[in-house]
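# here is the input, now give the coordinates:
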Amino acid sequence: MKKIILISTILISLISCKEKKENKKELTDSIKAELIAEFKEMKEKDQLNRSYVSLGTFDQKLIDSTKELTTQEYISFMQSHKSELTKKQEDSLWNIQNKIDLRNTNRLYEITKEYGWLSKTKLDSVIDPMLFLFHTPKETIDKMQALLMEEVKANRMEPIKFATYVDNMRKKAFGKNQLYGTGDEFDPKTNSIVPPFIENIDSTNIERKKIGLPELKEGEYRTEK
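Residues are numbered from 1 along each chain as shown. This is a model prediction of the structure:
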């Protein structure tokens with residue numbers, strides 16, 4: 001009798017997990033088109049004020065010219081260019097941008113809950129939703145990260161995309177070293193791009209293995225010890 005109950009419990013759990021995994025709305029062509037249009041609008045709002053603040057200018061020609069620069073050239077430009085904006089202008093732009101980021105993040109969360117994680121390939125779009133993830137407000141990071149972990153487990157999101165998001169948020173929002181070691185970093189001392197800082201290679205590789213990423217090898221990371 002106990003064996004029958006155990007088997008029944010396992011079957012119910014498996015069915016429940018399967019339903020949770022598959023319980024997403026169908027992504028029809030018409031919905032795809034609507035979402036692509038929405039993402040394009042979200043991107044325009046995301047980039048407009050941000051480019052003014054990050055480059056310290058309202059000169060659109062100058063802003064456009066930086067789009068063709070390599071990473072190293074862009075860094076050099078940022079170091080040499082003096083902001084043309086007043087503090088009041090910067091504060092005003094950031095106030096607007098923070099509200100946009102929160103709206104975009106909440107909308108991306110809703111879309112992901114409904115349809116699962118939508119990659120560029122799945123959407124057939126030039127807009128990569130990762131763009132909005134990198135601008136997640138600090139107060140919504142935990143909620144978004146938990147949702148995306150479920151997407152990784154359901155094979156709807158690439159592990160490397162998830163890991164890159166986590167590392168980006170740890171560094172940018174919390175000032176921590178990377179967990180997965182996905183992104184090279186800029187070293188102001190040498191003015192060059194270098195492998196990422198991680199806390200501990202053993203724990204990093206354990207976490208990478210959990211989501212299906214290969215281990216980091218020597219030379220692909222740095223530790224502070």
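# drop to CA atoms for contacts and neighbour counts, all remaining ones
Fine.
# return the distance of Gln60 relative to Lys67.
11 Å (CA to CA, to the nearest Å).
# look up phi and psi at Ser192.
With angles defined as degrees, to the nearest 10, Ser192 sits at phi -140, psi 170.
# contacting residues for it?
Taking CA atoms under 8 Å, 6 or more residues apart in numbering, we find Ser192 in contact with Gln72, Phe186.
# mind listing what's buried along stretch 152-167?
152, 154, 156-160, 162-167 (16 or more other CA atoms under 10 Å).
# next one: stretch 116-135
Neighbour-count burial for stretch 116-135 flags 116-119, 123, 125, 127-130, 132-135 (criterion: 16+ other CA under 10 Å).
# repeat that for stretch 176-193.
Here stretch 176-193 shows Asn177, Gln178, Leu179, Tyr180, Gly181, Thr182, Gly183, Phe186 as buried, counting by 16+ other CA under 10 Å.
# got the CA positions of that stretch in CSV?
Backbone C-alpha positions of stretch 176-193 (Å, rounded to 0.1, in the frame of the first residue of the first chain) are rendered in CSV as follows:
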residue,chain,number,x,y,z
LYS,A,176,30.4,42.1,-6.0
ASN,A,177,32.7,39.8,-8.0
GLN,A,178,31.1,37.7,-10.7
LEU,A,179,29.6,34.3,-9.7
TYR,A,180,29.9,32.5,-13.1
GLY,A,181,32.8,34.4,-14.6
THR,A,182,31.1,35.2,-17.9
GLY,A,183,32.3,38.7,-18.7
ASP,A,184,35.8,40.2,-19.2
GLU,A,185,36.4,43.4,-17.2
PHE,A,186,38.2,46.7,-17.7
ASP,A,187,41.3,47.2,-15.6
PRO,A,188,41.9,51.0,-15.1
LYS,A,189,45.5,50.3,-13.9
THR,A,190,46.5,48.7,-17.2
ASN,A,191,43.8,50.4,-19.3
SER,A,192,43.0,47.0,-20.8
ILE,A,193,40.3,44.3,-20.9
